[in-house]
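1. structure for this input, please:
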Amino acid sequence: MTPNSLLENKKISNNDKMILINLLNFAFKGDVCFPSLTTLVTRTGLTKPSIISGIKKLEKLNFIQVDREIGGNNVYVINMSIFNEM
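-> I've put the predicted structure just below:
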């Protein structure tokens with residue numbers, strides 16, 4: 001993955017890119033991270049509904065897999081292989 005390949009991707013919006021960049025930042029030692037929605041709202045400046053919508057879109061497009069935890073933070077698994085296809 002290169003920064004340009006992500007930034008030039010037309011399949012996802014700029015908001016979705018901001019969410020994905022933050023997830024990548026949290027997963028700096030692998031492909032798994034678990035930031036809270038509140039943390040993503042704070043770091044991106046987006047609204048909670050925008051974050052939720054963006055996560056659903058990234059999941060639908062196979063950029064990430066979400067393991068939803070009841071009563072805890074979701075666990076996000078980033079599909080690193082998709083970046084090789086860009």
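2. need the nearest residue in space to Glu59, chain neighbours excluded.
-> Nearest in space to Glu59, with sequence neighbours left out and distances taken as CB to CB, 6 or more residues apart in numbering, is Val66 at 5.3 Å. For the C-beta atoms, the positions are set from N, CA and C on the backbone; glycine is no exception.
3. give me the neighbour count for that neighbour.
-> 13 (other CB atoms under 10 Å).
4. again, but for Asn73
-> Asn73 has 14 nearby residues by other CB under 10 Å.
5. what do you get for Arg43?
-> 16.
6. again, but for Asn14
-> Asn14: 8 neighbours (other CB under 10 Å).
7. need the pLDDT of it.
-> Asn14 carries a pLDDT score of 94 in this model.
8. which residues touch it?
-> Neighbouring residues of Asn14 by CB atoms under 8 Å, 6 or more residues apart in numbering: there are none.
9. again, but for Glu69
-> Val75.
10. quick one: it and Met18, what's the gap?
-> 23 Å (CB to CB, to the nearest Å).
11. Val41 too?
-> Relative to Met18, and taking CB to CB, Val41 is found at 11 Å.
12. the more surrounded of these two?
-> Met18 (19 against 16).
13. which non-adjacent residue is nearest the more buried one?
-> Thr44 (4.8 Å).
14. and the one you found, how many neighbours?
-> Residues lying near Thr44 (other CB under 10 Å) number 16.
15. over to Ser36?
-> 11.
16. also Val32?
-> Neighbours of Val32 under the rule other CB under 10 Å: 14.
17. which residue sits farthest out from the middle of the chain?
-> Gly71 (20.2 Å; CA atoms, centre = their mean).
18. state the distance from that one to Ser36.
-> 12 Å.
19. check Ile64 too.
-> Per CB to CB, Ile64 is found 16 Å from Ser36.
20. hmm, Tyr76 and Arg68 touching each other?
-> No - if you go by CB atoms under 8 Å, Arg68 and Tyr76 don't touch, sitting 10.2 Å apart.
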